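Visitor: what shape does this take:
(chains A and B)
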Amino acid sequence: MQAEKPRYMSLQNVISQSVSKAVRDLYQLELPTVEFQPTRKDFEGDITVVVFPMLRFVKGNPVEIGTKIGEYLVEHVDEVAKFNVVKGFLNLVIEDVIYLNFFNTIRDEADYGYVKSPTSDAVMVEYSSPNTNKPLHLGHIRNNLLGYSVSEILKAAGKKVYKTQIINDRGIHICKSMLAWQKFGDGETPETSGLKGDHLVGKYYVAFDQAYKAQIAELVDSGTSKEQAEKEAPILLEAQEMLRKWESGEVATVTLWKTMNSWVYDGFDTTYKNLGVDFDTLYYESDTYLLGRNVVKDGLEKGIFFKKPDGSVWIDLTEEGLDEKIVLRSDGTAVYMTQDIGTAIQRVTDHPDINGLVYTVGNEQDYHFKVLFLILKKLGYQWAQHLYHLSYGMVDLPSGKMKSREGTVVDADDLIANMEETAEEISKELGKLDGYSETEKKQLYRTIGLGALKYYILKVDPKKRILFNPEESVDFQGNTGPFIQYTYARIQSILRKAGDVGSSEVATSLGLHEKEKELLKQVQLFPETVQLAAENYSPALIANYTYDLVKEFNSFYQQVSILGEPNEDKKHLRVQLSRKVGEVIASAFRLLGIHVPDRM
RNA sequence: GGUCGCGUAGCUCAGCUGGAUAGAGCAUCUGCCUUCUAAGCAGACGGUCGAAGGUUCGAAUCCUUCCGCGAUCACCA
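Guide: Residues are numbered from 1 along each chain as shown, chains lettered A, B, ... in the order given. Model prediction:
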């Protein structure tokens, strides 16, 4: 992330160089670095130079040194208006004109904060990657929101991004649904049942599990051990047989598989659309599950892998502090790891500009990805230096883990619908939507409901687990999506009333109100926040930034009159500043996949 | 048991590469709608930053040990 520093961000550089120069002139010493922090609210100032680290080089009393440097800066540096020293902290007050000049440089910039010229190398972000035997749930929602948002953040930070998923469309799990449908389905389809395709297939996955459990119970009653019963239940054997038929390409099985998967895809498409996420390219496990075996054979010749007497192939990672890991079964078939090796290579082959992969997968697979990345590095791929496991914590319910088979999941479609309903209730209560058509209202409820949900999930550091209590529905007040959307709507209302005021330069001679200055400082932070979020793969940083910006704006809004300001220059600044804040809110929320409303 | 992650106000979370008296929201309480949208603003209350050591001028942040919670250590994915 070596985005060139725009000139308006050079304030820190100016101060940094000036402080170095001050120390050089005053003490004939070279400082390796100068440490900064934003000045705390309870002190006067904008930027604070920390004097303590200098004490290693400059002998003396920190207050004295700070004072001397402060005096020097006020005298020699245009940007610095005043200073004060508290303990070892040199607080600098920056001239208002610096902030006004900054504002004029970005005032008219479209997509301020985004890097406009993407790098030539691309990164592929994988997310979602569901199994095709059941509908998406809250866990998938976190995954989808994270993957989508990180993709958008990387783009904004100047990366070319491919969004992808690997759809787990084959294996025993889908055979279970298929078998149960054959047995109990009575020819039911999404059309005849009125059920969304993924929900219909999921229903039979549950039906399978019930039948399976019943058979186990029966077997145990007739004296079989539980362990054995779990292996020998006839319906399980049938499912396994079905998988063998699928693998041998038996027409009837493959046809049923295609039919049921197509139902699921229709359902997923709807959910993805509702959620507002998308993909550039798709991979299907049925196409990739055989990949990777040749790579293993090559690696075996190179001595990266080794073969055990039974014919299975392993890699020894004990030197790296890990274990031995199997990469090919004794019968020569691929395991999950093998597929992932093959798929990664396939992706780079398909998209030669890729120089890095991001995997959005829960933290339960931390170990798997550690091993996968290590293997790819050992195999010598250039791009293997840039692999990242976007590992996130589980979403738990008050009752504990979600289990699809036990029906203790929060269904994605239900949750989205609930959020919209809540948004509708609150909107109706507040009753500010006179003149909106029913369609516009529906659209708005969706925007707000999804805004609440997405913000609620994305504001949390990805690696932390989330406890989701469906009883206490997601908040609409305080640090929430709707609060931020509300502020955006407020700004739009002002702009409508202000009429067409153009976007000409603001006068740089005016003094700034304290709130205006704070707001400008926060606006100034946006570009570096985008970079930071990209470096850390963290939408939470964007969410927190936006919240701070909005809080600052509301405080400004409360304290100063915008349209009522008699001084035309000041009024112009305030309107322009409000407009820009609105734009930054929208840009930031776009990175989170959240829409903003003109009214609410 | 080994490895990894997490532990900050009653609850949900911030706290960047160590820096000033640890910050928000929710909840509870107090003010503010004849002025730009009160989904708001201003304020009060609330903390042994899991515990103990260590490094440092300075530790919620870095190191060690311990405690608690979770994940993972399959010829499953």
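Visitor: which residues does stretch A:459-474 contact?
Guide: For stretch A:459-474, contacts defined as CB atoms under 8 Å, 6 or more residues apart in numbering pick out A:138, A:142, A:146, A:363, A:390-398, A:410, A:415, A:418-419, A:422, A:452-453, A:456-457, A:479-480, A:537-540, A:543-544, A:547. C-beta coordinates here come from the backbone N, C-alpha and C atoms, glycine included.
Visitor: check the offset of that stretch from the chain's centre.
Guide: 14 Å (CA atoms, centre = their mean, to the nearest Å).
Visitor: how about it: buried residues?
Guide: Buried residues in stretch A:459-474, defined by neighbour count with 16 or more other CB atoms under 10 Å: A:459-460, A:462, A:466, A:468, A:473-474.
Visitor: same question for stretch A:333-353.
Guide: In terms of neighbour count (16+ other CB under 10 Å), stretch A:333-353 has its buried residues at A:334, A:337-348.
Visitor: closest to A:Q576 out of those?
Guide: A:R347 (45.1 Å; CB to CB).
Visitor: which element is that closest one on?
Guide: Remark: A:R347 resides in helix A:336-350, with elements defined by DSSP states H and E.
Visitor: what about the nearest residue to A:V63 once chain neighbours are set aside, neighbour count?
Guide: Nearest non-adjacent residue to A:V63, counting by CB to CB, 6 or more residues apart in numbering: A:V85, 5.4 Å away. A:V85 has 20 neighbours, counted by other CB atoms under 10 Å.
Visitor: what secondary structure does A:V85 sit in?
Guide: Following DSSP: H, G, I helix; E, B strand; the rest coil, A:V85 is assigned to strand.
Visitor: my guess is it meets A:L92, correct?
Guide: No: taking CB atoms under 8 Å as the definition, A:V85 is not a contact partner of A:L92, at 10.2 Å.
Visitor: name the residues contacting each of the two.
Guide: A:G70.
Visitor: residues from the stretch 1-150 of chain A in reach of RNA strand B?
Guide: A:35, A:37-40, A:42-43, A:45, A:48, A:50, A:52-53, A:55, A:86-89, A:91, A:131 (CB under 7 Å from any atom of the strand).
Visitor: right, is the helix or strand harbouring A:Y205 up against RNA strand B?
Guide: Using DSSP H and E, A:Y205 falls within helix A:197-221. No: residues of helix A:197-221 are not located near RNA strand B by CB under 7 Å from any atom of the strand, the shortest gap being 14.3 Å.
Visitor: within range of RNA strand B, give me the residues from the stretch 351-500 of chain A.
Guide: Going by CB under 7 Å from any atom of the strand, the residues of the stretch 351-500 of chain A near RNA strand B are A:363-368, A:393-394, A:401, A:423, A:426-427, A:430, A:432, A:448, A:459-461, A:463-467, A:475-480, A:482-483, A:486, A:489-490, A:492-494, A:497.
Visitor: which ones among the residues you listed are found in strands?
Guide: Per DSSP state E, strands hold the following members of these: A:466-467.
Visitor: could you flag which of the residues of the stretch 351-500 of chain A next to RNA strand B are buried?
Guide: Applying 16+ other CB under 10 Å to those flags A:363, A:368, A:393-394, A:423, A:426-427, A:448, A:459-460, A:466, A:476, A:479-480, A:482-483, A:486, A:489-490, A:492, A:494 as buried.
Visitor: the strands in the stretch 151-300 of chain A, which residues?
Guide: Under the criterion DSSP state E, counting those that start in this stretch, the stretch 151-300 of chain A carries strands at the ranges A:160-167, A:281-284.
Visitor: so what strands line up beside the longest one?
Guide: As defined by DSSP bridges, the strand partners of strand A:160-167 come to strand A:122-126 (parallel), strand A:281-284 (parallel).
Visitor: which other residues reach the last one?
Guide: When you say that, I think you mean strand A:281-284. With CB under 8 Å, 6+ apart as the criterion, strand A:281-284 contacts A:162-167, A:169, A:343, A:346-347, A:350-351.
Visitor: relative to A:V327, how far out is A:K308?
Guide: Using CB to CB, to the nearest Å, A:K308 is found at 11 Å from A:V327.
Visitor: kindly report the same for A:G481.
Guide: Following CB to CB, the distance that separates A:G481 from A:V327 is 44 Å.
Visitor: try A:K377
Guide: For A:K377 relative to A:V327 (CB to CB), the value is 15 Å.
Visitor: could you do A:I106 as well?
Guide: The spacing between A:I106 and A:V327, counted by CB to CB, is 52 Å.
Visitor: those two: who's more crowded?
Guide: For the pair A:I106 and A:V327, the greater number of neighbours falls to A:V327 (24 against 19), based on other CB under 10 Å.
Visitor: show me what counts as buried in the helix or strand containing that one.
Guide: A:V327 belongs to strand A:324-328 when elements are defined using DSSP H and E. Neighbour-count burial for strand A:324-328 flags A:325-328 (criterion: 16+ other CB under 10 Å).
Visitor: so which of these reach RNA strand B?
Guide: A:I326.
Visitor: got JSON lines for the buried residues of strand A:324-328, with distance to A:Q576 and pLDDT too?
Guide: Shown next, in JSON lines, are these (distance: CB to CB, whole Å; pLDDT from 0 to 100):
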{"residue": "A:K325", "distance to A:Q576": "59", "pLDDT": "92"}
{"residue": "A:I326", "distance to A:Q576": "63", "pLDDT": "93"}
{"residue": "A:V327", "distance to A:Q576": "60", "pLDDT": "93"}
{"residue": "A:L328", "distance to A:Q576": "64", "pLDDT": "92"}
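Visitor: distance to A:Q17 for the buried residues of strand A:324-328 - can I get that in CSV?
Guide: CSV is the format used below for the buried residues of strand A:324-328 (distance: CB to CB, whole Å):
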residue, distance to A:Q17
A:K325, 52
A:I326, 57
A:V327, 54
A:L328, 59
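Visitor: looking at the residues of the stretch 1-150 of chain A next to RNA strand B, which are in strands?
Guide: Using DSSP E, the members of these that fall in strands are A:37-38, A:48, A:50, A:86, A:89, A:91.
Visitor: and the buried ones among the residues you listed, selectable in PyMOL?
Guide: To isolate the buried members of those in PyMOL, using 16+ other CB under 10 Å:
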select buried, chain A and resi 48+50+86+89+91
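Visitor: which members of the ones in strands among the residues of the stretch 1-150 of chain A next to RNA strand B are the farthest-apart pair?
Guide: Spanning the widest gap among those are A:P38 and A:V86, at 14.6 Å by CB to CB.
Visitor: measure A:L495 to A:A423 for me?
Guide: Here the criterion is CB to CB. By it, A:L495 lies 24 Å from A:A423.
Visitor: what of A:Y283?
Guide: A:Y283 is 35 Å from A:A423, by CB to CB.
Visitor: next: A:K459.
Guide: As defined by CB to CB, A:K459 lies at a distance of 18 Å from A:A423.
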